[in-house]
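>>> sequence-free structure coming up:
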């Protein structure tokens, strides 16, 4: 017979309560830390979104000011604690713009803002003296492209075109203008031409008028935007004493820019815009893909003095062509740098003595003929073509495809010939 146990109801209730309390403590011990973590993470998330939302609602000035009050920005733009005063703080720079626009003359890449500034400019060509006494020249390294061409007596002259860099302090010496130089410069959106003097005719008894050497007549006939005012140039007296008065005329954009504005306003010149025909451009070949070209020498007239012999020696590391004149490094006196274009373009042109009484030359600029392009340490043969005065010269391979040039300065050499007989000598040195 089972023994009956007498259980007190109050004692039973106390026992159940103790068990429930123990279970409750275990549960609290197990879950409270997780709840704390959840609260901590939730708090951080809320704080993060609160800061981001606050910065978004502030304008840029206020948000930067807010950050400056509590943090210092170092060169790596990390936020560091500092005892420096708020007046020493550096603001965040704007994000960098992508360079996806091209200078149409030489392919240099620009940001959208830089490109908009460029479109407000107009190309400016200048006629630069290359007489022995005129050297060293100033400013040629800063030109977008440079034409090297004969004048008279085997002496060459330069026609640099400045488009992107219209803040060059000193350029020259400046010399007189020739008809074929106008045809060249016209291909760059009818460029402004700065010069001092020009080939023309004065009805002298010994003169034989020839339209294609009459640069002065061409300026008026074609309405060329020309600049040869007293306010656009100056004499370097030290250079005049050292080299002669005729080789001492210089300019700089601190003079050129206000004169262009004045003349443009007076003459209703249409300036700027995107009227320059762009060539096809490419990036430099990788170092391992570059050729092993050595050097080329150009003698413009076989009977001319070696004082006007040009040469270009390839520098594989920089992918440029180091220029020399008369066997000496051609140094730009403006910055003491050797002229070193990215591309050397040797164009062959038919020419003749105009027999106009001044020994001037006629050079066919609006035509097509053979071309040799030095690029990436390689020699590329093709054809140059210029269809009209206002058209730009372009370059094509044997299949008729345009030959791309590297981004950077383009140096154009005009070698001359008569029909199939080459008068200039282009000598490649192994």
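Sure, I can see it. It should be emphasised that the depicted structure is a prediction, and the values quoted were computed from it without experimental measurement. Numbering: from 1, shown residues only.
>>> which residues in the stretch 51-200 of the chain form strands?
Counting by DSSP state E, counting those that start in this stretch, the segments of the stretch 51-200 of the chain that form strands are 72-73, 79-80, 101-102, 109-110, 124-126, 128-129, 145-150, 156-162, 192-194.
>>> okay, now the sheet partners of the third one, with direction.
It refers to strand 101-102. According to DSSP bridges, strand 101-102 has the following sheet partners: strand 109-110 (antiparallel).
>>> so what touches the partner strand?
Identification of contacts with strand 109-110 by Cβ atoms under 8 Å, 6 or more residues apart in numbering yields 99-103, 118, 407. Just so you know, the C-beta spots here come from the backbone N, C-alpha and C atoms, and that holds for glycine as well.
>>> list only buried entries from these.
In the contacts of strand 109-110, burial by neighbour count holds for 101-103, 118, 407, counting by 16 or more other Cβ atoms under 10 Å.
>>> residue 318: which of the residues you listed is nearest?
Distance ranking of these against residue 318, using Cβ to Cβ, places residue 407 first at 13.5 Å.
>>> tell me who's in contact with the closest one.
Contacts of residue 407 (Cβ under 8 Å, 6+ apart): 102, 106-109, 281-284, 342.
>>> just curious, which of the residues you listed is nearest to residue 194?
residue 106 (19.6 Å).
>>> pLDDT score for residue 25?
The score at residue 25 is 51. That number is its pLDDT.
>>> circling back to that earlier point, as TSV, the buried ones among the contacts of strand 109-110 with pLDDT and distance to residue 325 would be great.
Rendered in TSV, the data for the buried ones among the contacts of strand 109-110 read as follows (pLDDT from 0 to 100; distance: Cβ to Cβ, whole Å):
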residue	pLDDT	distance to residue 325
101	96	34
102	97	30
103	98	26
118	97	30
407	98	25
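>>> quick one: low-confidence ranges for the stretch 151-300 of the chain?
Along the stretch 151-300 of the chain, the model assigns pLDDT under 70 to no residue.
>>> now the helices for it?
Under the criterion DSSP state H, counting those that start in this stretch, helices of the stretch 151-300 of the chain are mapped to 179-186, 215-222, 237-243, 253-267.
>>> quick check: which of the ones you listed is buried the most?
Per-stretch averages of neighbours, counted by mean count of other Cβ atoms under 10 Å, single out helix 179-186 among these, with a mean of 25.
>>> how about residues contacting that one?
In this structure, residues lying in contact with helix 179-186 by Cβ under 8 Å, 6+ apart are 123, 125, 127, 147, 149, 157, 159, 161, 191, 193, 199, 212-215, 218-219, 222, 224, 361-363, 365-366, 386, 389-390, 393.
>>> farthest pair in the buried ones among the contacts of strand 109-110?
Spanning the widest gap among the buried ones among the contacts of strand 109-110 are 118 and 407, at 14.6 Å by Cβ to Cβ.
>>> please name every helix or strand in contact with the lengthiest strand in the chain.
Among the elements of the chain assigned as strand by DSSP state E, the one spanning the most residues is strand 343-353. The contact analysis (3 or more Cβ pairs under 8 Å, 6 or more residues apart in numbering; DSSP states H and E) places strand 343-353 against strand 295-299, strand 361-363, strand 368-375, strand 405-406, strand 410-418.
>>> by how many degrees do it and strand 295-299 diverge?
Using axes from the mean of the first three to the mean of the last three Cα atoms, to 10 degrees, the interaxial angle of strand 343-353 with respect to strand 295-299 works out to 20 degrees.
>>> partners of strand 343-353 in the sheet?
Counting by DSSP bridges, the strands paired with strand 343-353 are strand 361-363 (antiparallel), strand 368-375 (antiparallel), strand 410-418 (parallel).
>>> who wins for proximity to residue 334 among the ones you listed?
strand 410-418 (16.7 Å).
>>> contacts for the helix or strand just after the closest one?
Next helix or strand after strand 410-418 toward the C-terminus (DSSP states H and E): strand 421-422. Counting by Cβ under 8 Å, 6+ apart, the neighbours of strand 421-422 from elsewhere in the structure are 348, 415.
>>> strand 421-422 pairs with which strands, and in what direction?
Here the strand partners of strand 421-422, with direction, are listed using DSSP bridges: strand 410-418 (antiparallel).
>>> go through the strand it pairs with and flag the buried ones.
Applying a neighbour-count criterion of 16+ other Cβ under 10 Å, one finds 410-417 buried in strand 410-418.
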